[in-house]
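In: Let's see this in three dimensions:
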Amino acid sequence: MARRHGHRAAAAVAVALLAAGTSACSPSAAVADGDTVAPAVTALVEGTTTRVMLPAGALDLTVGEPLDEVPAHQTATGETVAAPDGDVVLGVGWRLQPTFADNGANFGTPGTYYDDATARTAERLRVRLRVGDETREVPVVPGPDDGRELAVTGAAWLVVPAEGADAGTIEVEYDGLVQTLDLASGELDADVAAPLYAPYALPTRVACPTGELDPTLAGVLEVDAGCTAQLLPLPYVEGLGWAGAGRTWVVVDLVTYGDVTVVGRDLAGVDELRQDGTLTADGDEAVVVPEAFVSADGPRWSGEVALQVPVGTSTTVEGRSTYALSATPDPPVTEVEIPYSFVVDASAVPTTLPTSGPGVLR
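Out: Numbers count the residues shown, from 1 in each chain. Now for the predicted structure:
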């Protein structure tokens, strides 16, 4: 699921110092392998830029050519800094921005509408440059906590071994999933994050037929029940994490409702309609999306639930609504269960990166 994405660009730096432990350098000061040279406020990293999509944002990475030295106008000290013998300096510029609905990551996951989207993304984000057997952390930090949710930019000059410097990789880890950029080929392996690069998809409404009442109650109760379901496959759900390999989350905006009547008498009434963890796909139970709105008001239940289903298949999801009655018929019945089902079609969930469209570098 790797494909080349990139263009020539320059990443502007909006901060002077991006990480604790950054070394201030001068022409006479030695820089060792593994050091980071503090960038100037106006530093530019010129090179190939690749966009890495995240659940609630996008990270644009610009990687420069190996340098023997960092020019004076690119350093915080205003002095030229030379790499030690056998080493070079690689510049990595970055731009972190919230994308909100650009990749559909917000449907059914109110937690991604938070005011500090960029800051939260930066907290979960780890970026590493690997050259041979050596690893360098690329410091990506959030912007000021002023609620404006603007893109933030930065850069780092990293001292690495000269051998293999142009054939390294950059790993972008978000909440445990690693996407890998090959610097030599420009190919990005997005793993299960590939759907984030597809054009934004709207939720799909599907048929949700209800089943029959228990035959033993056919002459006692009448139930007029219904169900609506809107579905959106997502590789990541806020609070639940990434889907497993070969699988996708499906967030379901579910509404079930119904009236219960005692045959030959009157409306039995419904005190409560429950979804007691009975929504299943291939035996796996659904979970209520964290922070999602759930309403249980008399004969109506609405909420957002999420299931994992295999990619490339259609899966039948089965559920049961439990109606707690406010009046007791004769013979006594306190609860009524009505089954319902709908089909999740995950055959079109992408497993490779697109070559154009929203989510691709622009």
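
In: going forward, measure contacts between C-alpha atoms and count neighbours the same way
Out: Noted.

In: among the helices and strands of the protein, which has the poorest mean pLDDT?
Out: Scoring the helices and strands of the chain by mean pLDDT, DSSP states H and E places strand 7-12 at the bottom, with a mean of 42.

In: separation between Ala56 and Asp191?
Out: As judged by Cα to Cα, to the nearest Å, Ala56 and Asp191 stand 17 Å apart.

In: out of these two, which sits in the more crowded spot?
Out: Ala56 (26 against 18; other Cα atoms under 10 Å).

In: Confirm for me that that one is in contact with Pro98.
Out: Yes - if you go by Cα atoms under 8 Å, Ala56 and Pro98 touch, sitting 5.9 Å apart.

In: Can you list the strands that the helix or strand hosting Thr48 pairs with?
Out: Secondary structure assignment for Thr48, by DSSP states H and E: strand 44-54. With DSSP bridges as the test, strand 44-54 is paired with strand 7-12 (antiparallel), strand 57-64 (antiparallel).

In: how far away is the closest residue to Thr334 other than its chain neighbours from Asp85?
Out: The shortest distance from Thr334 to any non-neighbouring residue, by Cα to Cα, 6 or more residues apart in numbering, is to Leu325 (5.4 Å). Using Cα to Cα, Leu325 is found at 81 Å from Asp85.

In: And Ala281, by the same measure?
Out: Counting by Cα to Cα, the gap from Ala281 to Asp85 is 60 Å.

In: When these two are compared, which one has more neighbours?
Out: Ala281 (21 against 11).

In: Count residues in the vicinity of the residue nearest to Gly86 when sequence neighbours are not counted, would you?
Out: Leaving aside its sequence neighbours, Gly86 sits nearest to Ala162 (Cα to Cα, 6+ apart; 5.6 Å). Ala162 has 20 neighbouring residues, counting by other Cα under 10 Å.

In: ok, so what distance separates Ala162 from His73?
Out: Ala162 sits 23 Å away from His73, going by Cα to Cα.

In: same deal with Trp249?
Out: From Trp249 over to His73 the distance is 48 Å, taken as Cα to Cα.

In: and what of Leu232?
Out: Per Cα to Cα, Leu232 is found 49 Å from His73.

In: what's the answer for Thr313, then?
Out: Using Cα to Cα, one gets 56 Å for the distance from Thr313 to His73.
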